[in-house]
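Engineer: Coordinates only, no sequence provided:
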């Protein structure tokens, strides 16, 4: 194919993918090329602007390492992460809603017995977290695997502290025979997502703030049930209606209750959706 122009190049690119063996790959690439080309035509994209776009993506790659994932941040702030979560986690009424995974989960977090303090040196006001894990029919889910992680009082996760070489404010548990869980940690606080890189520049150009409302991350797994990835948010947080990554759901908002000794208590019950046959 020669002498392609702005009106014919899209079909030429699509023709190159016509022999793709994987039908899902072919479908995705066809749609992607169509939308990308339509976008470029709609905004009359200049070469200079496209080069700036390539530079932006290159910077995202350069700043990404084992402690920071700039592409997840980019997906989050564009709402793409939450869109894919919403499309792929349609649950029956009463089941706990899913939300974004985020870039700070760590595989192989320490395993604790119920009641343990996972802060492990993380600074913050002490907090007791407790509740139950049940199925959609109200049945207890004994032994459910609960993975939890959060930031410290500075709004930073342990992996963001270069000087910390051990897990803090993160850990795993197994629910008891009645589906109950309880552990100690620290009070969740609002924090800014990393905004000293290209995603931060994007937010600044858009006139947006980088703040997330205070929350705990949970990932819960149990045989016979869909894996749940979600947050529990503090009800008194100022950023609930302007979360930088669009992750808030009203059903995930809970009260953090002050206790006489100066600590806090948050109670939240999770409801899992049965796995599809």
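Structural biologist: Great, that's in hand. Remember, predicted model here, so these are calculated numbers, not experimental data. Numbers count the residues shown, from 1 in each chain.
Engineer: Look up the closest residue to residue 157, ignoring the ones flanking it.
Structural biologist: residue 104 (4.3 Å; CB to CB, 6 or more residues apart in numbering). Every residue, glycine included, has its C-beta placed from N, CA and C.
Engineer: is it true that the one you found lies in a helix?
Structural biologist: No - counting by DSSP: H, G, I helix; E, B strand; the rest coil, residue 104 is located in no helix; its state is coil.
Engineer: pLDDT score for it?
Structural biologist: With respect to pLDDT, residue 104 scores 89.
Engineer: what about it, neighbour count?
Structural biologist: By other CB atoms under 10 Å, 21 other residues sit near residue 104.
Engineer: try residue 47
Structural biologist: Here the number of neighbours of residue 47 (other CB under 10 Å) works out to 7.
Engineer: Quick check: phi and psi at it.
Structural biologist: phi -60, psi -40 (degrees, to the nearest 10).
Engineer: May I have the predicted confidence score for it?
Structural biologist: 97.
Engineer: cool, and the one 10 residues further on?
Structural biologist: Confidence per residue is given as pLDDT, and for residue 57 that number is 98.
Engineer: What is the end-to-end distance of stretch 4-21?
Structural biologist: 26 Å (CA to CA, to the nearest Å).
Engineer: Give me the buried positions along it.
Structural biologist: Neighbour-count burial for stretch 4-21, with 16 or more other CB atoms under 10 Å as criterion, is recorded at 10, 13.
Engineer: Correct me if wrong: the residue nearest to residue 157 contacts residue 156.
Structural biologist: No - in this structure, residue 104 is not within contact of residue 156 by CB atoms under 8 Å, at 9.4 Å.
Engineer: How much space separates the residue nearest to residue 157 from residue 132?
Structural biologist: 26 Å (CB to CB, to the nearest Å).
Engineer: so what's the nearest residue in space to residue 188 that is not next to it in sequence up against?
Structural biologist: What sits nearest to residue 188 in space, not counting adjacent residues and going by CB to CB, 6+ apart, is residue 214, at 4.0 Å. Residue 214 sits next to 187, 188, 189, 190, 191, 233, 234, 237, 256 when contact means CB atoms under 8 Å, 6 or more residues apart in numbering.
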